[in-house]
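Participant: give me coordinates for this.
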Amino acid sequence: MAAPTPSTAANIMLAIYEKKTTSVEIYRPLRQFIAYNYSEREAQNLEDDLQLVKQMRSDLERPPDSLTARRDLLQSYYKALCVMETRFPISPNKDHITSITFTWHDAFKQKQKASQQNIHLEKAAVLFNLGAIHSQIALSFDRSSSDGRRQASHSFMASAGAFAFLRDNASTKASIGQSSTVDISVECAGMLERLMLAQAQECVFENTIAKGSTPGVCAKIARQVGLYYEETLAALNVAPLNQHFDKGWISHVQLKAALYFSEACYRYGVELHEKEEIAEEIARLKTGISALTEAKKSSKGAPAQILEAFSKLEANLNRNLERAVKENDRVYLMRIPPSASLPPLPSVSLVKSMPMNETLDASKEKMFASLVPDSSAKALSRYTEMVDDIIRTQAEKLQQGSELARVRLKEMDLPDSILALEGNFALPADIKEDVEAVQISGGPAGLEAELQQLRDLRRVNQELLVQTEELLQKEGREDAQFRSQFGTRWTRPQSSTLTKNLLDRLNRFAANLKQASDSDARIERSIRDHFPLMSILDHRPIEAALPTLARPIMSLDANEDAIVGALKQSLRHLETLGAQRAGLEDMLKEMKRKDDILPKLMTSTGSYEDLFRKEIAKYDHICEEIAKNLEEQEQLLLQIQAQNDEFAAIFNLEDYKASREKSYKQIQAAIAKYREIKENINEGLKFYVTLQQDAITNVKQQCSDYVMTRNIQCREMIEDVQRQMAGLSFQDNKNSGSYNYPSVTQRSTSQNQSDPSPYGYAHPPPYGSPPQQQPLPPPYHHQQPPMGGGAPYPPQNQQQPPPGSHEYGQPAYPGWRGPYYNSHATGSMPRPPYTVQPPYPPHHQSGYYKQQ
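Facilitator: Modelled structure (predicted):
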């Protein structure tokens, strides 16, 4: 049975135990057959080969000394069996070797066993054990290292190749006998191949994570792991395997399938977040969480490693989901698509079943080479060519018959016209898919909500511009007021000189918004103008908007129902003939697969030609059935043509076709226009979000930094002017004829400020955090002089500025918080580059909304 094997990774994998056998005497029957059918001398010449076969069978019955030695033994013994199969007919037939009976126990239920007097069971069991040994070798490697993971993946692929070879070459023949076991059946071999591929891909995934590959690559690899496990689980849940494996097997595979599906959702969600596709990210994360939740219901008795991996992954999914939901609610405001509308996760397979044809090729084996004459081999090859020619010719006839029926029906517009009459007509697949995609995205009726998003984003950008401009204007007014009050004592540069670059940038952004507003208006006009055309896409189902094939208003003989009934019956008969052809083709292939005349060739003493004619004759009745089927179809197509002509005349079919084609074109035109408008809206949304995040918010912060710096300078200059007016600062400034800017810088330096600004003023501390020394007063309120010397300017001119309404860091409107709109509210404040403009618009911005 399968053995869970611990590994250094966070999960475990499965290895397969070998099938057990009983001892069998093989040497004596083979030697007796050679001596009796050939000669005693031939038997003596082949003594070494007989002893070698005996020794390999004996070694096979004992436990292995090492895994690699066991693998080499199984490969050598299988090639020996292939050589023996063409030379020693082992069967219950009295003319064959009847004293050899091979017995093998089921690998998963060892109480069950099979015994057969043919070599097919022996070959199938050896191939099964070869696959099992490769799986054990894979789990013997240390997967904590890159080389260990690579070697384990390679061995799992070799195991998958062995099970695939078993399925394609030995399972069917071994299952023909009355005694057989489930483990070597076609279904079980196919299931084990999928399981080994899943574990090989899992090793690749572990290596990919260790190398730090991108989330997109990891998601594709993880999804393929999940797909392989899902295929394995599907095989385990149907007969004959559903009653053969214990629940631990099924639980393990089910948990792995869910784990790697959710892992793919998590990794893909990370990639979507980087691309700012938040809506799909949320939907993918929810899908992954649901899969884990559902799988945990059947996790009773599961290994602790898998349950721990479940817990860690679920925590990661929930953390990313919470982050994405918050960002969507605050920034993106995107509609979350339903999980059913999401396309399948991308996947990529980096593993495949290793081909075993060359490894197990016995054509170059020298064992028993002198026993079979070349004439027998050549005769078998000739017979095979004769059978292949029959199969190829008949298959071409069947294919031509099916293609002829398809073309003739298409020319008569059948069965579409019948379906249209019954109200079951469907759109062509390509149009249907396009309409469904439009409806999933909201359809024409949902465009108004997206237009509202455009309006909201435009309003937010305009409000941010107004707020920013008001900051600069207010600072300019205060500077002018103090300049008029203090005259020549007010020596700092004028605000209009310093804010010129900032105001120019604000004007450019305003021009961009004006042009974007014009583009929005064009979109709204386009929706109004084309809504009647696009409204057809809102029909659910879309077929309700198509014209119907109606019965004639007046009928002379009222035989419409009889005509329709006869035509439908003929179509059903034609469908039956097509199913018969498929069955005949399968019968041909099945007969060829089971057609093995080698034992007859080896024992035949007459002419090979007589044997060939006798064997080929068994294909004659299938060839006759094929010819009869094709002739009957030809007659039926002529009958359908006549019935369809009468049907078209009564139901005015040509007018219906014209009306239907017109509807198709209208739907296609509506889809094209909807996509055009949708693309323009998406472009507008992207423009406004990018403008707000990358441009306006940035310049607003620079303006806030500028205003804060000027306010600090203003307070310092007022204090200095007060000292001059009071006559207290003469000694401190005796060497200066005007305001000493460096002294402000020095004071700023004493307050642990960083580099001075480009204008010689000290750069302020980060807004929202107090200086390390005595805190400064608010920027728009003035304290009394430190030494009580009176007002800083004449009382008659004193004005109290109103409190600032736009403090630095104020959100654009209530509810807008977070890093996208207040990215520098905390932490160190960068030096404001007032004269350096950031690149805008970004290089990736399209040309629909262009900068003026």
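Participant: quick one, strands of the protein?
Facilitator: Along the chain, the segments classed as strands by DSSP state E run 2-5, 13-16, 102-105, 113-116.
Participant: how about the ones you listed, which one is nearest Ala152?
Facilitator: strand 13-16 (8.3 Å; CB to CB). (Each C-beta comes from the backbone N, C-alpha and C, glycine too.)
Participant: in this structure, which residue sits furthest out from the middle?
Facilitator: Most distant from the centre of the chain: Gly727, at 79.1 Å, with distances by CA atoms, centre = their mean.
Participant: closest to Glu676 out of the strands of the chain?
Facilitator: Proximity of those to Glu676 was assessed by CB to CB; the nearest stretch is strand 13-16, lying at 51.5 Å.
Participant: and that closest one, what does it pack against?
Facilitator: Counting contacts by 3 or more CB pairs under 8 Å, 6 or more residues apart in numbering; DSSP states H and E, strand 13-16 packs against strand 2-5, helix 119-139, helix 186-211.
Participant: isn't Gln305 up against Met13?
Facilitator: No. With contact defined as CB atoms under 8 Å, Gln305 does not reach Met13; the gap is 10.2 Å.
Participant: higher neighbour count, the two?
Facilitator: A direct count of neighbours by other CB atoms under 10 Å for Gln305 and Met13 places Met13 higher, at 26 against 15.
Participant: specify the beta-bridge partners of the more buried one.
Facilitator: In this entry, Met13 is beta-bridged to Thr5, by DSSP bridges.
Participant: ok, it to Ile90 distance?
Facilitator: Distance check for Met13 against Ile90: by CB to CB, to the nearest Å, it reads 38 Å.
Participant: where does the prediction get shaky in the stretch 701-850 of the chain?
Facilitator: Residues of the stretch 701-850 of the chain meeting the criterion pLDDT under 70: 728-850.
Participant: and for the stretch 451-600 of the chain?
Facilitator: For the stretch 451-600 of the chain, the ranges with pLDDT under 70 are 543-545, 547-558, 598-600.
Participant: can you check the stretch 301-450 of the chain too?
Facilitator: For the stretch 301-450 of the chain, applying pLDDT under 70 flags the ranges 363, 372-375, 377, 422-426.
Participant: any idea how far the nearest residue to Leu574 once chain neighbours are set aside is from Val253?
Facilitator: Nearest non-adjacent residue to Leu574, counting by CB to CB, 6 or more residues apart in numbering: Leu636, 5.6 Å away. In this view, Leu636 and Val253 are 48 Å apart by CB to CB.
Participant: more crowded one of those two?
Facilitator: Ranked by neighbour count (other CB under 10 Å), Leu636 and Val253 place Val253 first, with 27 against 17.
Participant: state the distance from Gln635 to Ala562.
Facilitator: Going from Gln635 to Ala562 by CB to CB gives 21 Å.
Participant: let me redo that: Gln702
Facilitator: Between Gln702 and Ala562 the distance is 85 Å, computed by CB to CB.
Participant: I'd guessed Ile176 sits against His120; true?
Facilitator: Yes. Here Ile176 reaches His120: they are 7.4 Å apart, a contact under CB under 8 Å.
Participant: so which of these two has more stuff around it?
Facilitator: More neighbours surround His120 than the other of Ile176 and His120, with 25 against 12 (other CB under 10 Å).
Participant: check contacts around the more buried one.
Facilitator: Contacts of His120 were listed using CB atoms under 8 Å, 6 or more residues apart in numbering, and they are Ala170, Lys173, Ala174, Ile176, Gly177.
Participant: and Ser290, how many neighbours does it have?
Facilitator: If you count neighbours by other CB under 10 Å, Ser290 ends up with 15.
Participant: residue contacts, it?
Facilitator: Ser339.
Participant: ok so, going back, rebuild the helices and strands packed on strand 13-16 as TSV, extending it with mean pLDDT and distance to Val460.
Facilitator: Converted to TSV, the helices and strands packed on strand 13-16 look like this (pLDDT from 0 to 100; distance: least, CB to CB, whole Å):
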stretch	mean pLDDT	distance to Val460
strand 2-5	39	57
helix 119-139	95	58
helix 186-211	95	41
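Participant: tell me the most buried of the ones you listed?
Facilitator: helix 119-139 (a mean of 26; mean count of other CB atoms under 10 Å).
Participant: more crowded one of Gln702 and Ala562?
Facilitator: Gln702 (20 against 10).
Participant: ok, the more buried one touching Leu503?
Facilitator: No. When contacts are counted by CB under 8 Å, Gln702 is not listed as touching Leu503 (11.8 Å).
Participant: for Gln481, see how far away the residue nearest to Asp479 when sequence neighbours are not counted is.
Facilitator: Nearest in space to Asp479, with sequence neighbours left out and distances taken as CB to CB, 6+ apart, is Ser495 at 4.3 Å. Distance, Ser495 to Gln481, by CB to CB: 11 Å.
Participant: rewinding a little: tell me which of the contacts of His120 is nearest to His244?
Facilitator: Ala174 (16.2 Å).
Participant: what's around that closest one, how many residues?
Facilitator: Neighbour count for Ala174, taken as other CB under 10 Å: 27.
Participant: got it, and the one 5 residues further on?
Facilitator: Ser179 has 14 neighbouring residues, counting by other CB under 10 Å.
Participant: kindly report the same for Leu421.
Facilitator: Neighbour count of Leu421, defined by other CB under 10 Å: 20.
Participant: before we move on, what about Asn328?
Facilitator: Neighbours around Asn328, by other CB under 10 Å: 17.
Participant: that one: what's its closest spatial neighbour, skipping adjacent residues?
Facilitator: Closest residue in space to Asn328, ignoring its immediate chain neighbours: Ile278 at 4.7 Å, by CB to CB, 6+ apart.
Participant: now swap in Glu646 and tell me
Facilitator: Per CB to CB, 6+ apart, closest to Glu646 is Ile563, 5.6 Å.
Participant: with Thr98 instead?
Facilitator: Excluding its sequence neighbours, the residue lying closest to Thr98 (CB to CB, 6+ apart) is Pro92, at 5.9 Å.
Participant: swap in Glu280?
Facilitator: Leu272 (5.4 Å).
Participant: go ahead and confirm that neighbour touches Ala283.
Facilitator: No. Between Leu272 and Ala283 there is no contact under CB under 8 Å: 9.4 Å.
Participant: quick check: the spatially closest residue to Leu233 that is not a sequence neighbour vs Tyr228, distance?
Facilitator: The shortest distance from Leu233 to any non-neighbouring residue, by CB to CB, 6+ apart, is to Val253 (4.8 Å). To Tyr228, Val253 is 10 Å away according to CB to CB.
Participant: which residues do those two both contact?
Facilitator: Counting by CB under 8 Å, 6+ apart, the residues touching both Val253 and Tyr228 are Leu195.
Participant: circling back: list the contacts for the residue nearest to Asn328?
Facilitator: Counting by CB under 8 Å, 6+ apart, Ile278 touches Leu272, Ala324, Glu327, Asn328, Tyr332, Met334.
Participant: can you rerun that using 6 Å?
Facilitator: Taking CB atoms under 6 Å, 6 or more residues apart in numbering, we find Ile278 in contact with Ala324, Glu327, Asn328, Tyr332, Met334.
Participant: my guess is the last one contacts Glu281, does it?
Facilitator: No. With contact defined as CB atoms under 6 Å, Met334 and Glu281 do not form a contacting pair (9.6 Å).
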